[in-house]
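Asker: 3D, please:
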Amino acid sequence: MLSHSLLIFFFFTFKIFRENILFGLAFDPEKYEKAVVACLLLKDFMLLDNGDEEIIGEKGIELTPGQIQRICIARGVYRVLCGKAEMIFLDDPFSHLDVMSNFYYYYLFYFAFKIFYI
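Answerer: Numbering: from 1, shown residues only. So this is what the prediction gives:
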């Protein structure tokens with residue numbers, strides 16, 4: 001099984017953060033927290049009134065491209081942690097991230113997940 005994080009990110013508007021990460025999978029609090037922490041989303045959730053249950057889109061908050069990119073990466077990480085995928089295919093995952101996030105993700109994926117870039 002393969003998990004894919006697209007360069008052109010996809011997420012649901014009018015839904016909450018959590019639903020965008022779970023993407024139809026069952027909620028496992030331990031694995032969800034690992035994915036959120038690994039993808040640098042915890043700080044974003046702490047700044048919001050409703051945390052990861054904040055609504056995204058026109059009726060809720062607007063996200064930066066970097067936040068959307070991290071949600072998409074967290075979706076792939078969560079699928080791997082749940083055993084629904086063995087591999088994450090990343091299509092230019094750093095395109096909308098700042099320099100420090102790029103550095104962090106490079107080492108996270110290279111050392112923790114043993115991902116090699118082409």
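
Asker: all contacts plus neighbour counts: C-alpha atoms, from now on.
Answerer: Fine.

Asker: list the contacts for the closest residue to Ile55 other than its chain neighbours?
Answerer: Excluding the flanking residues, the one nearest Ile55 by CA to CA, 6 or more residues apart in numbering is Ile16, at 4.3 Å. By CA atoms under 8 Å, 6 or more residues apart in numbering, the contact set of Ile16 is Asp52, Glu53, Glu54, Ile55, Ile56.

Asker: next one: Leu81
Answerer: Contacts of Leu81 by CA under 8 Å, 6+ apart are Lys31, Ala35.

Asker: so what's it scoring on pLDDT?
Answerer: pLDDT, Leu81: 88.

Asker: that older thread, can you tell me which of the contacts of Ile16 are buried?
Answerer: In terms of neighbour count (16 or more other CA atoms under 10 Å), the buried residues within the contacts of Ile16 are Asp52, Glu54, Ile55, Ile56.

Asker: Make a markdown table out of the residues you listed and add pLDDT.
Answerer: Converted to a markdown table, the buried ones among the contacts of Ile16 look like this (pLDDT from 0 to 100):
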| residue | pLDDT |
| --- | --- |
| Asp52 | 89 |
| Glu54 | 87 |
| Ile55 | 85 |
| Ile56 | 83 |
